[in-house]
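Chemist: this one's sequence-less:
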């Protein structure tokens, strides 16, 4: 009887594992699998440490340079709506950060904010840029703030879209994926987990209007998530969420350039209260809140948000 029960239990476990694998475990993509996302105007540059940075240099090549940094688990493609809206006037450079997009894994596996600041400065140096506007969304906002603090002579203006930079209020506020990455066993299988439905659910959680979550958008985010090394890098980043990270909120008073803060009122990942904290802490800031937007205003309200960037830069 005991053997029969054990046999049934083992069978159920095997079936559960097979079902889990069938629905959630996917191999990494290689560059040839996602070649459409690497077509021109995409380009790659090799950095001193051997990393190959994926970037796009678009718009008016004689215009003021604007460098834009995407958020966590996103890619440079998130800024294409702004390229379309602002490219007539500005030179717009977008970059896939380490462990993201088609840059993928980097030598040394440094996916910390400090590592991303170093990576960005290497890209900037190779492009020969000495002064530019810097903008970022979510994680990219935190990187942009840290970069400005480290290289104040290079940044003329800052644009923050639902920016990171403040610590989480507590572990209960951490998204479930961040908590999974800190849990033994779960973090070991996370680099192999992915499903289109998971990506779609994640997008619906951060975008206020579900109708904006198109098949094309889900396909893009899912493909970039599965690019080689990105999921393993995500686990490393998420495992340190809220613990031992460097935050910039205590140094906002040192930011000596004009800052535009753009936020969605329906942002439940980084709530709009944080926008007001940035506005209070920064010496020279302009705050714009979009009632109809969530976490990625540049994709949700591209015309309005890009228009606000244009007006801000014209006024400062």
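Modeler: Looks like it arrived, so ask away. Fair warning: this is a prediction, and the values are worked out from it, not measured in the lab. Numbers count the residues shown, from 1 in each chain.
Chemist: Only C-alpha atoms from now on, for both contacts and neighbour counts.
Modeler: Noted.
Chemist: where does this structure have low pLDDT?
Modeler: Low-confidence segments of the chain, defined by pLDDT under 70: 1-26, 169-194, 240-246.
Chemist: Please enumerate the strands of it.
Modeler: Using DSSP state E, the strands of the chain run over 42-46, 52-59, 65-69, 91-95, 132-138, 155-163, 259-264, 285-290.
Chemist: Figure out which of the ones you listed is closest to residue 196.
Modeler: Residue 196 lies closest to strand 132-138 among those, at 22.2 Å (Cα to Cα).
Chemist: Tell me which strands the closest one pairs with, and in which orientation.
Modeler: Next to strand 132-138 in the sheet, as set by DSSP bridges, lie strand 65-69 (parallel), strand 155-163 (parallel).
Chemist: Using TSV, please lay out those together with mean neighbour count and distance to residue 125.
Modeler: Output for the strands paired with strand 132-138, formatted as TSV (neighbours: other Cα atoms under 10 Å; distance: least, Cα to Cα, whole Å):
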stretch	mean neighbour count	distance to residue 125
strand 65-69	25	13
strand 155-163	25	13
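Chemist: So for residue 257, which of those strands sits nearest?
Modeler: Smallest distance to residue 257 across those (Cα to Cα): 5.5 Å, for strand 155-163.
Chemist: okay, the angle between the closest one and strand 259-264?
Modeler: Counting by axes from the mean of the first three to the mean of the last three Cα atoms, to 10 degrees, strand 155-163 points 20 degrees away from the direction of strand 259-264.
Chemist: Turn the strands paired with strand 132-138 into TSV, columns for distance to residue 90.
Modeler: Shown next, in TSV, are these (distance: least, Cα to Cα, whole Å):
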stretch	distance to residue 90
strand 65-69	6
strand 155-163	13
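Chemist: Please report the distance of the most centrally placed residue in the chain from residue 113.
Modeler: Residue closest to the average C-alpha location in the chain (Cα atoms, centre = their mean): residue 71, at 1.5 Å. Distance from residue 71 to residue 113, counting by Cα to Cα, to the nearest Å: 12 Å.
Chemist: In contact with residue 83, which residues are there?
Modeler: Neighbour list for residue 83: 58, 59, 92 [criterion: Cα atoms under 8 Å, 6 or more residues apart in numbering].
Chemist: quick one: which of the strands of the chain is nearest residue 231?
Modeler: Smallest distance to residue 231 across these (Cα to Cα): 17.1 Å, for strand 52-59.
Chemist: now for the closest one, which elements pack on it?
Modeler: Applying 3 or more Cα pairs under 8 Å, 6 or more residues apart in numbering; DSSP states H and E, we find strand 52-59 packed against strand 42-46, helix 80-86, strand 91-95.
Chemist: quick one, which of these is packed in tightest?
Modeler: By mean neighbour count, with neighbours taken as mean count of other Cα atoms under 10 Å, strand 91-95 ranks first of the helices and strands packed on strand 52-59 at a mean of 24.
Chemist: rewinding a little: dump the strands of the chain into a markdown table; add distance to residue 119 as well.
Modeler: A markdown table is the format used below for the strands of the chain (distance: least, Cα to Cα, whole Å):
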| stretch | distance to residue 119 |
| --- | --- |
| strand 42-46 | 11 |
| strand 52-59 | 9 |
| strand 65-69 | 12 |
| strand 91-95 | 10 |
| strand 132-138 | 14 |
| strand 155-163 | 16 |
| strand 259-264 | 23 |
| strand 285-290 | 27 |
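Chemist: Which of the ones you listed sits closest to residue 239?
Modeler: strand 132-138 (17.4 Å).
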